[in-house]
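> Can you look at this prediction? I've put the sequence above it.
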Amino acid sequence: MAASGDPDSAIDIIARALQPLLGDNMARAALEVNLKKVGLSGADLSPTDLERLLDELEPGLCVFLGQVHTKRVLDGIRRQLASRGGG
C-alpha cells in the first residue's frame, strides 16, 4: 500500500503510529491486509470505516504488543484521528 500523499490522511496517521512498533513494511502490510479483510480501500474512509479497521487490527497487535500496550496505541490513534476530524 502506497502512502496516500496526504500526511494527514487517516491511513498515514495509523501507519505512522504503528511504524515504530512494527517497522514500516509490517505496519503498511498490516493496514493493507486488514483493509481488505473488512472490504475497504484506503481512500475516503468514514469514521465508522476507521473504527472497523482499528477493531480488525487489534487482535494482531495484541500478539505483538500485548493487550495493554495495544489498547494504549489504538486509543492514541483514535485521538489523533478525532483531532483531525476523521474518526
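Arrived safely. Because the structure is predicted, anything quoted here is derived from the model rather than measured.
> measure Leu18 to Leu53 for me?
12 Å (Cβ to Cβ, to the nearest Å). C-betas here are computed from N, CA, C, even on glycine.
> what do the two both touch?
Here Leu18 and Leu53 share the contacting residues Leu31, scored by Cβ atoms under 8 Å, 6 or more residues apart in numbering.
> biggest helix in the chain by residues?
Longest helix in the chain, counting residues (DSSP state H): helix 47-65.
> Mind giving me the packing neighbours of that one?
Under the contact definition 3 or more Cβ pairs under 8 Å, 6 or more residues apart in numbering; DSSP states H and E, helix 47-65 sits against helix 10-22, helix 24-37, helix 67-83.
> Please point out which parts of that helix sit buried.
Neighbour-count burial for helix 47-65 flags 49-50, 52-54, 56-57, 61, 65 (criterion: 16 or more other Cβ atoms under 10 Å).
> residues in contact with the residue nearest to the spatial centre of the chain?
Residue closest to the mean C-alpha point of the chain, counted by Cα atoms, centre = their mean, is Ile14 at 3.7 Å. By Cβ under 8 Å, 6+ apart, Ile14 lies in contact with 31, 53-54, 57, 77, 81.
> Mind pulling up the pLDDT for it?
The score at Ile14 is 96. That number is its pLDDT.
> Could you check how far it is from Leu65?
14 Å.
> Repeat that for Leu57.
For Leu57, the distance to Leu65 - Cβ to Cβ - is 11 Å.
> Could you do Val38 as well?
20 Å.
> cool, Gly23 as well?
13 Å.
> cool, and Leu21?
Leu21 is 6 Å from Leu65, by Cβ to Cβ.
> hey, what's in contact with both of the two?
Val73.
> Report the residue spans of the protein with pLDDT below the cut-off.
1-7, 85-87 (pLDDT under 70).
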